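S.K.: this one's structure only:
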DNA sequence: TACTTATTCATACATACGTATGAATATCAA
DNA sequence: TTGATATTCATACGTATGTATGAATAAGTA
C-alpha cells in the first residue's frame, strides 16, 4: 500500500501556501518540511534546492491561474465583459496565491524568477489580446494595449491585498459579503468607464 | 572639528535605500552599517534594534511623501486636476521609496508596521478628501471615496514598479523619456475617464 | 528469494544573522 | 586639564539558515 508517495506533492502545497503568505526569504526549509511532515532533506532531495522548489511552486500556482485567464478570455460576451470576468475572478477567488507572489516580486530589486516572468507575460498578453479585440470592433478606446492591460489589472491586484488591512485604513470591511459584492461592482464600473468607448450604455 | 556627527543620518539614508530596494528581511544590519561606514553596533546603539531603525526609516521617508500629497492637494485646479497631479508625482518622481515599501508590506501576512499604517491612512485620506470635494461640486462621480481612492492610486503604484520589468513583459520601455511622458498621459487619461462625470471635456 | 534503486532520516557543516559586551576613544562642560 | 558623558569599535554569543553526508529503510525487479 503506497501510503505516502506524495512527499513532493505535500511539499509543493505547503510551500505554495507559505511562500504566498510570508515570502521566499522569511520561510525556512525547516518550516516547510515540518509542516509537510517530511524530513529536512526532502526539499534538497526532491527539488534540488529551496529556490528550485520555489520555481516549482510558481509553476504549480501559475498554470491553473493562467488557465482561468484563458478560459474566461475564450468565453462568451464582449471583450470588455470578459475582461470584467477576469477582474472579478482575481478579486473574489478565495485562494489565489499568484497575485501576492507577483506583487511581492515586483516590489523588489531582485530579478524576477523566470517562471514568474512567464506567468506575468502570459496573463498580460491575454488581457492585451482582449483589449485589441475590443479596439478593432470599436468597443474599447484607443491606447497601447499593454499599458491598458496593466492599468486594468492593477486594481484587482492591489485591492485584493488591501483588503487584509483593517477597515480604518482602507475604509472598507471585506469580511462582509455584501461589501465584497459592492467592491466587485465598483471595480467593474471603474474599469468599464476607463476602457469602454461608450461607458454609459453598460448593462 | 565635527567630521562625523551624522552616523544616525547616514544609517537612515542607507537603510532607506536598501529596505526599499530589497526588503526588511533580506537586508542585514551588517550590510547597512558597512555601506554607511559605521560600526556594526551603531544600529543597536542609535536606534535600539533593526526593527526600530526600520520604523525610523518609514517616518523619514513617509513624512516628505505625505507632505507632497498634501501640498498638491492644497494647490490650484479642480479636485481631479490635483488628483492627477499627485498621480503624476508618484509616477515620475525619481527617488520614491514609499510606494515600494507600502506594496511590499501589503503583499505579506505580517501586520503592517504602525508607521506604515499611518502613512497609508494619511495619504488615502488626502485622496479621498479630494474625491469628496469633487463629488460635492458634481465634477466627480458617485462612489465610496476610499474605494475610489484605492482604485486611483493602484495604477501609479503598480505601474511604477512594473517599469523595472523588461520591455518584453510589460510592453513598455521606461528608459525612453518620451515613453515615460506617454505613460503619465495614459494614466491621467484613464483616471480621468474613471472619475470625471464628464470625462469628454478634459483639457 | 536476492539485488538494485529510491527514499527517508538524523545529524553535521559552514555561514549568516541580530544583538550584547566591554574596552577604547572622542566630545564637551567645568 | 580634568572628569563625565557619548560614541565607536572589535569581538563574542546564541541561534537560525541552506545544504551535504552517509547510514537506514522501503520499494521495485529479477
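M.R.: Now that the structure is in, tell me what you want to look at. This structure is a prediction, so every number in the text was calculated from the model and none was measured.
S.K.: how about the residues of chain A by DNA strand D?
M.R.: Proximity of chain A to DNA strand D, by CB under 7 Å from any atom of the strand, involves residues A:2-3, A:27-31, A:40-41, A:43-44, A:49-51. Backbone N, C-alpha and C define where each C-beta goes, glycine included.
S.K.: ok, then the element right after the lowest-mean-pLDDT helix or strand in chain A?
M.R.: Of the helices and strands making up chain A, the lowest-confidence element is helix A:167-170, at a mean of 74, by mean pLDDT, DSSP states H and E. Counting by DSSP states H and E, the next helix or strand C-terminal to helix A:167-170 is helix A:177-195.
S.K.: any part of that following helix near chain B?
M.R.: Yes: residues of helix A:177-195 are located near chain B by CB under 8 Å from any CB of the partner chain, namely A:182, A:183, A:186, A:187, A:189, A:190, A:191, A:193, A:194.
S.K.: just give me the neighbour total for the third one.
M.R.: The burial count assigned to residue A:186 is 20, neighbours taken as other CB atoms under 10 Å in any protein chain shown.
S.K.: okay, and the residue most central in space within chain A sits in which element?
M.R.: Nearest to the geometric centre of chain A sits residue A:99, at 3.2 Å (CA atoms, centre = their mean). Residue A:99 is part of helix A:97-106, with elements assigned from DSSP H and E.
S.K.: and that helix, what does it pack onto?
M.R.: Helices and strands touching helix A:97-106, by 3 or more CB pairs under 8 Å, 6 or more residues apart in numbering or on different chains; DSSP states H and E, are helix A:7-22, helix A:50-73, helix A:114-136, helix A:145-162, helix B:97-106, helix B:145-162.
S.K.: just to revisit the earlier point, only the buried subset of the residues of helix A:177-195 next to chain B, as a PyMOL command please.
M.R.: To isolate the buried members of the residues of helix A:177-195 next to chain B in PyMOL, using 16 or more other CB atoms under 10 Å in any protein chain shown:
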select buried, chain A and resi 183+186+187+189+190+191+193+194
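S.K.: mind listing what's buried in the least confident helix or strand of chain A?
M.R.: Per 16+ other CB under 10 Å, helix A:167-170 contains these buried residues: A:169, A:170.
S.K.: and what of stretch A:11-30?
M.R.: Per 16+ other CB under 10 Å, stretch A:11-30 contains these buried residues: A:11-12, A:14-20, A:22-24, A:26-27, A:29.
S.K.: before we move on, what about stretch A:97-113?
M.R.: Result for stretch A:97-113 [16+ other CB under 10 Å]: buried residues A:97-108, A:112-113.
S.K.: what number of residues lie near residue A:48?
M.R.: By other CB under 10 Å, the residues close to residue A:48 number 12.
S.K.: so how far is residue A:6 from it?
M.R.: Taking CB to CB, to the nearest Å as the measure, residue A:48 falls 19 Å from residue A:6.
S.K.: and residue A:123, by the same measure?
M.R.: As for residue A:123, its distance to residue A:6 is 29 Å (criterion: CB to CB).
S.K.: same question, residue A:177
M.R.: Going from residue A:177 to residue A:6 by CB to CB gives 34 Å.
S.K.: same question for residue A:117.
M.R.: 29 Å.
S.K.: out of these two, which sits in the busier spot?
M.R.: residue A:117 (17 against 13).
S.K.: contacting residues around the closest residue to residue A:146 other than its chain neighbours?
M.R.: Of all residues not flanking residue A:146 in the chain, residue B:171 sits nearest, at 2.9 Å (CB to CB, 6 or more residues apart in numbering or on different chains). By CB atoms under 8 Å, 6 or more residues apart in numbering or on different chains, residue B:171 lies in contact with A:124, A:128, A:144, A:145, A:146, A:147.
S.K.: among those, which one lies nearest to DNA strand D?
M.R.: Checking these against DNA strand D by CB to the nearest atom of the strand gives residue A:124 as the nearest, at 30.2 Å.
S.K.: let me know whether that closest one touches residue A:151 as I believe.
M.R.: No: assessed by CB atoms under 8 Å, residue A:124 is found out of contact with residue A:151, at 11.3 Å.
S.K.: and residue A:59, what does it touch?
M.R.: Contacts of residue A:59 by CB under 8 Å, 6+ apart are residue A:115.
S.K.: can I see the domain layout of chain A?
M.R.: Domains of chain A are assigned by automatic domain parsing as A:1-48, A:57-202.
S.K.: how about low-confidence regions in chain A?
M.R.: A:1-5, A:199-203 (pLDDT under 70).
S.K.: residues of it that sit close to DNA strand C?
M.R.: Residues of chain A lying near DNA strand C (CB under 7 Å from any atom of the strand): A:4, A:7, A:38, A:39, A:40, A:41, A:42, A:45, A:46.
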